[in-house]
Each structure stands twice: as structure tokens, then as C-alpha cells.
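Visitor: what's the 3D shape of this:
(2 chains)
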Amino acid sequence: MKTLLRLYAIVVLLFLLAPLIVVLPLSFSANEMMSLPVRDMSWRWYRDFFADDHWRMASRNSLLVGLATMVLATSLGTLAAIGIRLGGRQARVVLTLLCLPIVVPSVIAGLAIYLVFAQLGLVNTLAGLVLAHSVLALPYVVLTVHASLRDFDPQLLRAAASLGAKPAMTLRSIVLPLLAPAIGAGAIFAFTISFDELIVALFIAGPEQFTLPRQMLASAREYLSPTLAVAAVLVSVASLLLLGLYAVLQRGR
Amino acid sequence: MRPPSRGWLLSLPALALVGFALLLPLGLMLVTAVRDPEMATALPRSAALLRAWDGTGLPDEAVFAALGAELPLAADGQFIGGVAGRLNFERAGMRSLLLRTARARPAAPFSMALPALDPQWADPAVWHVLRRASLGVTPLYLLRSLDLDVAADGSVQALPSDQSVFLALFARSFAIAITVTVVCLLIGYPVAQAIAGMTRRWSQMALALVLIPFWISILVRTTAWFIVLQRDGPANGLLQWIGLIDTPMQLMFTRFAVLLAMVHVLLPFVILPLVVVMRRIDPAFLRAAASLGAPHWRRFVSIYLPLTLPGIGAGALIVFMLATGFYITPALLGGPGDQMVSASIADYVNVTLNWGMAAAISLWLLLGTGILVGATALIVPMRRWR
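Guide: Model prediction:
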């Protein structure tokens, strides 16, 4: 019985990985065919990917927006998590409000943000994309840092104050270093959210602001070539590196 | 540091961001679903007079005159498009009626000239449409997105079945979401059970294998299926190689493809909470039941399953919530008959440019999902899972 259950689990886990595993050899195809087995391997489509202006611009935009989102969401989110830990009766309400972006379906968030950003001229700008992605990423930073603050000993604050440290000094030399792994993990989470985000970008990004997911969608709809498999592989590899980094940081706690 | 009671002020910048880029937009979306500005913007004097009209018979010469004078102005100023589109949405044929009347530049007496130009101007129903559009607030979008309409006498009635699309669309979306949720639970439950029963090292490795696809973006996974399911793609190749089929099967643009990819994308969301709950179950309960003579199925049904209910509830809730809002997977892998509500919201924004309808559909989707999720949360004891 137990063996059967495990065999079944292995089959399902393979199913989870299968499409990703299948796409990898296809990205090395030497011709336009996207069928297995791939007979001649080549880097042709990888060269195409890096030579193509659309994909290059999309990669650049994805990195730019991801990094900016990471900085904005991480700084605001960390500050907010500390604020929530310091408490007051408002803390619960604040936490709930900050987690709202998780439960709003992304198409609805995309539409709502579009309606406001269109009025303010933020549609078709990278700044608009950064603001929108930051809101979506904020809850994950807050929750990550907040979770790590639960183990934080408030005695340390009193000890620092009794030794004459000003609040800013306490924050810089006690709170932030202790939180560093959680902040790092939150930052990676924020970057990943932005890096993967498509729906809001669909509403508020013009062709000049296409990110990698947006460009992938465009190329899936227009002209299917192994370059799409290349993009899928590259994005997956980037995601896996981030996941590894995230795991290392979380273990450090 | 600051006194504790004011500590939350540190959250203000984050709150400001959420307020600006989510709460304000959602609020504006609410307003957009009922706002009706086109008539008052393009034809202000006619709108004011129509608001004062008592609605019996036909309006008097002053209203005819205001409209007859303002329509050509709006056409000259190129801002007649908005109001023409708005009125045409409520009553087919209004766009051409307005444009034709504007081009004809009618002269006094207008109450004779307009009906002479087009007999529709003698129809009170046309004037009622104009009057309702002058009020600034309209239930039209909220009603239309439920396949309802306002009759000439102001009562609400169902649209004829050949024009009704949205109830079927909502039903389809919820049906797809519920199917995906149930399938995910059925597939994921035994997997979680197997993972929870492994030794620590193995279960960590298995969890990592669940986490890897979980972390990779939904679009990448959907794209992978998009490639795999192509007519001459790997899936058909495999089926032919096994000998199940002779010629390639149509896999793309089918309901099967949509369900397959959605289950694939959402499966980790049920496995992860279930593993958490199952690991916490004290095996002593099961041993006690066994020592009292309960057979294997009885231990599962009366002890194990109830103890995992919070995990089932949490997993089902997350999957259902995410599934109802799905857009990309049906859009890429499904045919026209497999699209979900989100696709129609996106269509109204990007293609039809009718923001009122997009907002109204969004509101109903939010409300429907909220009610179903709330009901589930009441039935299933969620708190024990946290």
C-alpha cells in the first residue's frame, strides 16, 4: 500500500515537471520543428533570442522593472512589517490592508489600476509598471519580514536604549542586521513576483514596456518558433536560481 | 524607539502605496461600473432638459431643439463618438440615428424636422433611452453583465436568450474552477499523504520537486503546455509512438487542454497545505483506532480524513480563488468556448473599449467569488490550519 502510494506520488511529481523537462531539448532544436526527439542539437535559437531586438528589450525591461520593484517593495514592506510588530491596535488592520493585493484576482487588479493610471499618464510607462508590481509584491515582503520579527526579542531594543542608542542607531545596528536574511528573502520574492507578472502588464504596458512574459505571450500568439522555448527555459533558469537563493536565505534564519 | 502605540506609523508609506495603486483603483472601478457621463459631457443642454422631462408621451419642442442644435456641434467637435457608442450599447441603431441626424443639421421646428428625418424620433422609447443616459448614474452595465435589461417602462427584464451571454460565461467559469479544484484535491491528496509519510530527507526532496514548478511562473508553464500540445508536438508524438492514435489529435484549443494545464499549474497549491496538516497528525490516534479494532478504511474515514479537513479547505479555497480569475491559460490553450470571465473583462478593456462593462463584470466576479469563498470558510474550520 505504502509503496503504491509512493509510486503514485512519483508519477504525479514527474507530471509536474514534465512540460518543463520537455521544453528544454526543444530549445536546442536545429530546425523549426518542435517535436521530440530532437535529432540535431544547436544553439541557433539561443543566438536568435539574444540577437532579437524584441527579446533584448523585453529582458532589459524585466530586469529594470524587477529591480526597481524589489527596491521599492522591500523598503516599504520592511518598514511596514517593523511598524506592525511595534503594534498599536491598528496593527492587525494594517496587516490585513497590506495583504489585500494577494486576494484580488489579477485581471481585476489590472483593470482597476489601468483605470487610474490612464488618468494620470502612467499607462505605457515603466514607472507605472513598477508602482503596480510593487503593490502586488508588497504583501510577500511584509509577510516574510513579519514572520521573522515574531522571533525578535524586544528586550534587545530596551538594552540598546539603556546604552544610549537613538532609535535610528538601534534600527541600523540591531534590527536591520538581525532581519537581513528575511529582508533578502522578501526582496527575492518581490523581484520574482515582478519578473513573472503578466496580467497587469497586459493592461498597462505598451510595446515599448514589454516584459519577458508579455513578449512570450506575444510570440506565442503571433509566430511559434523554438525561440519561445528558449525564453521559457531562460526564465525558468532565472526563477530556479532565485528559488535557490531564497532557500539559502530562509535556512539562514 | 517610538512609543509602541505609534509604531504602526512606520507602515504609512506602504499603506500609501496600497491606497494609491490598489484601493483607489478598486474604488474607481466601482464608480466606473455605474457612472454614465457621456450624454452630459457631449450634449449638456439636452441632458439637462431631458432630466427635467416627466417621461410621458414625447418631450416638447425645447428638448427637440436642444438636441437638434447640439448634435451637429458634437459631430463638428469630434466628440460625438463617446455618446453614440454609449447609446448604441443600450439600444442598437442609436449610433447611426445620432450620426445621421447630426449630419442633416435639422432646422426649426425641430419637433417636426427630426421625425421627418427619421421616424425613430417619434418613438418614445428612443427618448427614454436618452433620458436614462442623462442621469449621470446608470444600472445598465451591472444589469447587462447579468443578461438583464431595462424595459421602456423602466422595469427590469431578462434579455432574449440569443443575446444573453454572461450568465453562461459565469456558470462556465465557476464550473471550470470547481472542476479544477476537485481534480486537484483528488490528485493531490494521496501525493500529500505519500510525502507526509516519507522520512524527513525524502519528504524534503519531494517537497522541493513540488516547489520548483510552483515557483516558475504560470505563463512559462502554460507556454510549455502550449508547445507540448501542438499538433506535431511532443504529446501527439508520444501518443503515436505508444500506438494509441494513428494521426495527430487536436489537443490545442480544447477544454481538455485548459483543464490539464490549470490542474498542472494549481496542483502545488493543494499539496503544500495538505502536507503541512498531515505532518501534524499524531500517529497515536491511528494506532489507538487500530488497537480498538477499526479496519484500515474506518481509520481513514473517521480519523485521518476529518483531521486533514483544514488542509483540504485551505487548498481548495486557494485553488478555487485563483482558478476563477484565470485568464492566460484558457486564452492560450482554449477555444472560444473555453474562455473564462477574465477574458471578457480584458476584451471590454482592450477591444471594445467599454470600461463600464469591464468594471461591472469585475464587480460580479469579485462578489461571486467572495460569496463562494466565504461560504466555504464558514463550512470548513480554517482556523485550525493556521
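Visitor: what's the first helix or strand after the longest helix anywhere in chain B?
Guide: In chain B, taking DSSP state H as the definition, the longest helix is helix B:166-197. Next in sequence after helix B:166-197, counting helices and strands by DSSP states H and E, comes helix B:200-215.
Visitor: and the helix or strand following that next one, does that touch chain A?
Guide: Helices and strands here follow DSSP H and E; after helix B:200-215, the next one along the chain is helix B:218-228. Yes: under the criterion of Cβ under 8 Å from any Cβ of the partner chain, chain A is reached by helix B:218-228 at B:I218, B:L219, B:V220, B:R221, B:T223, B:A224, B:W225, B:F226, B:I227, B:V228. Where you see a C-beta, it was placed from the backbone N, CA and C, and this is true even at glycine.
Visitor: any low-confidence regions in chain B?
Guide: Scanning chain B for pLDDT under 70 picks out B:1-5, B:380-386.
Visitor: oh sorry, the question was meant for the stretch 101-250 of chain A
Guide: For the stretch 101-250 of chain A (pLDDT under 70), the answer is none.
Visitor: hey, where'd the helices end up in it?
Guide: Secondary structure of the stretch 101-250 of chain A by DSSP state H, counting those that start in this stretch: the helices cover A:106-120, A:126-149, A:155-162, A:167-170, A:176-196, A:199-204, A:212-222, A:226-251.
Visitor: any buried residues in the fifth one, and which?
Guide: Of all the residues in helix A:176-196, those buried under the rule 16 or more other Cβ atoms under 10 Å in any protein chain shown are A:178-179, A:181-196.
Visitor: between that helix and helix A:226-251, how many degrees?
Guide: Taking axes from the mean of the first three to the mean of the last three Cα atoms, to 10 degrees, one finds helix A:176-196 and helix A:226-251 inclined to each other by 160 degrees.
Visitor: what about helix A:176-196, near chain B?
Guide: Yes: using Cβ under 8 Å from any Cβ, helix A:176-196 reaches chain B at A:T192, A:F195, A:D196.
Visitor: show me what that helix is packed up against.
Guide: helix A:53-86, helix A:126-149, helix A:226-251, helix B:218-228 (3 or more Cβ pairs under 8 Å, 6 or more residues apart in numbering or on different chains; DSSP states H and E).
Visitor: number of residues surrounding the residue in chain B that chain A sits nearest to?
Guide: Nearest residue of chain B to chain A (Cβ to the nearest Cβ) works out as B:G7 at 2.3 Å. A count of nearby residues for B:G7, using other Cβ atoms under 10 Å in any protein chain shown, gives 19.
Visitor: name the nearest residue to it, sequence neighbours excluded.
Guide: Once flanking residues are discounted, B:G7 sits nearest to A:L86: 2.3 Å by Cβ to Cβ, 6 or more residues apart in numbering or on different chains.
Visitor: my guess is that neighbour contacts A:V175. True?
Guide: No: contact criterion Cβ atoms under 8 Å: A:L86 and A:V175 do not qualify, at 10.4 Å.
Visitor: compare the helices and strands packed on helix A:176-196 and give me the one nearest A:R39.
Guide: Closest approach to A:R39 among those is made by helix A:226-251 (13.5 Å; Cβ to Cβ).
Visitor: buried residues in the closest one, which are they?
Guide: Neighbour count says helix A:226-251 has A:226-236, A:238-239, A:242-243, A:246, A:249-250 buried, by 16+ other Cβ under 10 Å.
Visitor: which helices and strands does that helix pack with?
Guide: helix A:2-26, helix A:44-51, helix A:176-196, helix A:212-222, helix B:200-215, helix B:218-228.
Visitor: ranking those helices by burial, who's on top?
Guide: helix B:218-228 (a mean of 26; mean count of other Cβ atoms under 10 Å in any protein chain shown).
Visitor: can I assume B:Q157 sits in a strand?
Guide: Yes: judged by DSSP: H, G, I helix; E, B strand; the rest coil, B:Q157 forms part of a strand.
Visitor: and residue 250, what does it touch?
Guide: If you meant another chain, say so; for now it's chain A. A:P181, A:A185 (Cβ atoms under 8 Å, 6 or more residues apart in numbering or on different chains).
Visitor: meant chain B actually
Guide: By Cβ under 8 Å, 6+ apart, the contact set of B:Q250 is B:R231.
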